[in-house]
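Trainee: just the structure for this:
(one chain, ligands or ions: 2)
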Amino acid sequence: MNFGVDYYPEHWPEDRWSKDAKLMEEAKFDTVRLAEFAWSKIEGTEGEIDFTWLDRAIETLANRNLDIVLGTPTAAPPPWLTEKHPEVLAVNEDKEVVKPGHRRHYCVNSKVYRDYTKAIVSEMAEKYGEDERVIGWQTDNELGHPVCYCDDCRTKFHAWLRDKYEDIDELNNRWGTTFWSHEYTEWSQIPLPNDNPRKGPNPSLHLDYKRFFSQSTVGYNKFQVDILQDETENQWVCHNFMPHFPNFDHFEMAQDLDLATWDHYPTEIRESYKEVSAGHDLTYGVKDKPFWVMEEQCSYLTRDDLTPAPRPGETRMWTYQSIAHGADGIIYFRWRPCRFGDEQFHGGVLQHDGSRESPGYQEVKSVGNELAEVGTEIDGTVVEADVGIYYSFEQNWSMDTYRFHSPIDYEDEIASYYNALFAANVNVKFVSRNSDLNGLDLLIVPVLPMVDEFLQDKFESFVKEGGKLVGTFRTGIKDFDNHVTDKTFPGRLSELFGISIREFTPVKDKPEVTLSGLQDEGKSYTAKDWVDCIDPGEAEPLAKYDQGWPGDRGYAGVTRNNHDDGAAYYVGLSGEADLYRDLVSYLLKEAGIEPILTGDENLEVRKRTEPETGKELVFVVNHSSSQKSVQLPGKLTDVLTEKEKSGTTTLEPFGVLILRQK
Ligand code: GLA
Ligand code: ZN
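Mentor: Residues are numbered from 1 along each chain as shown. Ligands and ions are numbered 1, 2, ... in the order given. Predicted coordinates:
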């Protein structure tokens, strides 16, 4: 385990640094991230590099046994750069130049910006690349926005298209440009998606721009990773993701990194901590490996307004929640709130006064003391899951390129299944196109519009090998050019599911459609957003619509198609939480998956496993400000207290248990 804090020595008088380092050591911190916005401090004017202050900061911290993670400062280009080269500034969707004065105002495709990136990253890597006090690097900071539409992007997009299609007629064909007379005769005629004020209308062009911009972002990150890997020794490279930033494929970027990390700010979405858990699982999933939380919330946040301060014990609970999901590093954001700047009231471990009396400091210090005891117990454990959710940035883009699918929202549909699995107390793994599906018994694939031969084979083999696969409405309706299939829906997956979709309808207000028959004949569920009318063909109808015209025509809403030990389930509708809860409980039973433990609502239960020995650590996390209880099967040891627990066990508000199972 690594345990530490994000620190900005450049914001504080130097004579304070040694006190900070001492307090960090006392809190049992061992790691500090530095410098990710410090470009103007390192290079005050072009070419004048000054590392002396950073040397002294690193020295001060290292004297207290703190390891350093260095951020490359490219998320915050200094004024001398943007004044000399305004062409590096991004252009937003409304065609306005993104002005300096904040951060993230540059374009990842700017050739000039890449030259400056190369210079600053190389300077830092040459200076610290063999410094043993530096253990790793973070590229930039939270990549993924703004999506840019500048002249450099336009030129590069045209080159990208040329590379992809080679021949303009091939592009015309694959984009369907005969529609509304869009046939191009020159690459230069191809517009950017925001050139048309009506935001359209060619879905293939839209999707290609999203792919292009994703690859540009992934490429910009790789550009930095390559420099760092060339110039450093025994130091890893990571990036701090925001897993739900939709503008680049995180699975792809992760291939270039040694470590995935993310920034965990639960109070932004306090009412739905399940979504926060999904962020952990997605960050685990992108490399299928333990990750770090590079910014762990420990105080109030500056968002549109200040978010509420964490309640006593809540920061500790979030820390263990992160660890439960596979975090091997916890770095709190930030050490001390800054007295100036945009985030002057963004809280930290300390308060503005820098005093050790800060309750936040006292709380993380007690976590530091606990982790000093139990960290070794957690080291080497990983997250194994029997259930997977297929998550694809590209499929989400496909949905997004065509506004007529509303009211379906890709993320919401994923969340509906995730939340039901969360409540069922099972580990969940996010997988994508290139992930290994071995080890999963149940794979839920919500809303998969585009299917090609590769995905068809992948899912067919999964079922053939005994897996239970779940697909939903809007699956198999398109190819990867974003064209609608000419086969009966669900297109390439019709045989696997054994069904035909004869009709479909968005469900807005009317007609009301209900479904019944799932497990319990008495229960009825209301369809929300979407209804696929399933002709079950060779599949078995598990539930049928019983109201509205889909009911009158006798269509099925949920089906199962058995393939020896495997099965392919199709869910034709979206609904309210009760539908997902009952579906998931049925599917878990079908796949023979048991909950890790059972307990009250608002408790989160997760498990980490040591692969060699099979040792299991069960984490129980109370997200609520009231007592909750959990049922334990037999005697278990709580490694935080070394006390034995059994039967019905109570957790205090925001309490945590870590139970050793084997
Ligand atoms: C992000 C950034 C940080 C900081 C925090 C504030 O995650 O990476 O620099 O702005 O938000 O919550
Ligand atoms: Zn651009």
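Trainee: pLDDT below threshold where in this protein?
Mentor: Counting by pLDDT under 70, the chain contains low-confidence ranges at 197-200, 269-272, 509-511, 521, 662.
Trainee: pop the domain breakdown of it in here.
Mentor: For the chain, automatic domain parsing gives the domain ranges 2-73+108-146+214-378, 151-206, 387-591, 598-661.
Trainee: out of those domains, which comes closest to ligand 1?
Mentor: Closest to ligand 1 of these, according to C-beta to the nearest ligand atom: domain 2-73+108-146+214-378, at 3.9 Å. Heads up, the C-betas are built off the backbone N, CA and C, glycines and all.
Trainee: what secondary structure does I331 sit in?
Mentor: Assigned by DSSP: H, G, I helix; E, B strand; the rest coil, the conformation of I331 is strand.
Trainee: around ligand 1, which positions in the stretch 301-450 of the chain sit nearby?
Mentor: Within reach of ligand 1 by C-beta under 6 Å from any ligand atom, the stretch 301-450 of the chain has these residues: 301, 333, 343, 346.
Trainee: the nearest residue to L259 once chain neighbours are set aside bridge partners, please.
Mentor: The shortest distance from L259 to any non-neighbouring residue, by C-beta to C-beta, 6 or more residues apart in numbering, is to C238 (4.0 Å). Going by DSSP bridges, C238 is paired in beta bridges with Q138, L259.
Trainee: count of neighbours near C238?
Mentor: C238 has 25 neighbouring residues, counting by other C-beta atoms under 10 Å.
Trainee: give me the phi and psi for L632.
Mentor: Per-residue torsions, L632: phi -100, psi 140 (degrees, to the nearest 10).
Trainee: same check on the one 3 residues further on?
Mentor: Backbone torsions for K635, taken as degrees, to the nearest 10, come to phi -90, psi 130.
Trainee: distance of it from E610?
Mentor: Distance of K635 to E610, computed by C-beta to C-beta, to the nearest Å: 20 Å.
Trainee: neighbour count for the two, which is higher?
Mentor: A direct count of neighbours by other C-beta under 10 Å for K635 and E610 places E610 higher, at 16 against 10.
Trainee: which of the helices or strands spans V147?
Mentor: Assessed by DSSP states H and E, V147 sits outside every helix and strand.
Trainee: what about it, how many neighbours?
Mentor: The local packing of V147 (other C-beta under 10 Å) involves 23 other residues.
Trainee: for S204, same thing?
Mentor: 17.
Trainee: ramachandran angles for it?
Mentor: Torsion angles, degrees, to the nearest 10, at S204: phi -70, psi -40.
Trainee: do the one 4 residues further on as well
Mentor: As for D208, its main-chain torsions (degrees, to the nearest 10) stand at phi -60, psi -40.
Trainee: picking up where we left off before, rebuild the residues of the stretch 301-450 of the chain next to ligand 1 as CSV, extending it with neighbour count and secondary structure.
Mentor: CSV is the format used below for those (neighbours: other C-beta atoms under 10 Å; DSSP: H, G, I helix; E, B strand; the rest coil):
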residue, neighbour count, secondary structure
L301, 20, coil
F333, 24, strand
E343, 14, coil
H346, 18, coil
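Trainee: of all those residues, which comes closest to V367?
Mentor: Checking these against V367 by C-beta to C-beta gives F333 as the nearest, at 14.9 Å.
Trainee: what pairs with that closest one across the strands?
Mentor: Going by DSSP bridges, F333 forms beta bridges with Q297.
Trainee: wouldn't it be in contact with E295 here?
Mentor: Yes: in this structure, F333 is within contact of E295 by C-beta atoms under 8 Å, at 3.6 Å.
Trainee: now for those two: what residues contact both?
Mentor: Taking C-beta atoms under 8 Å, 6 or more residues apart in numbering as the contact rule, F333 and E295 both touch 6, 263.
Trainee: with distance to ligand 2 added, can I get the domains of the chain in TSV?
Mentor: Output for the domains of the chain, formatted as TSV (distance: least, C-beta to the ion, whole Å):
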stretch	distance to ligand 2
domain 2-73+108-146+214-378	5
domain 151-206	3
domain 387-591	18
domain 598-661	41
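Trainee: L81 is nearest to which of those domains?
Mentor: L81 lies closest, by C-beta to C-beta, to one member of those: domain 2-73+108-146+214-378, at 6.0 Å.
Trainee: just how off-centre is the closest one within its chain?
Mentor: 16 Å (C-alpha atoms, centre = their mean, to the nearest Å).
Trainee: and stretch 547-560, by the same measure?
Mentor: Remark: stretch 547-560 is offset 35 Å from the chain centroid, using C-alpha atoms, centre = their mean.
Trainee: what sits up against it?
Mentor: 497-499, 502-503, 505, 511-515, 518, 527, 531-536, 539-545, 567-573, 583.
Trainee: tell me who's in contact with the residue nearest to L259.
Mentor: Per C-beta under 8 Å, 6+ apart, neighbours of C238: 69, 136-139, 257-261, 292, 294.
Trainee: format those residues as TSV; extra columns: neighbour count.
Mentor: As requested, the contacts of C238 are exported to TSV (neighbours: other C-beta atoms under 10 Å):
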residue	neighbour count
V69	27
G136	23
W137	31
Q138	27
T139	27
L257	21
D258	16
L259	21
A260	27
T261	23
W292	28
M294	31
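Trainee: in which helix or strand would I find the most centrally placed residue in the chain?
Mentor: By C-alpha atoms, centre = their mean, the chain has its centre lying nearest to P243, at 2.2 Å. For P243, there is no enclosing helix or strand under DSSP H and E.
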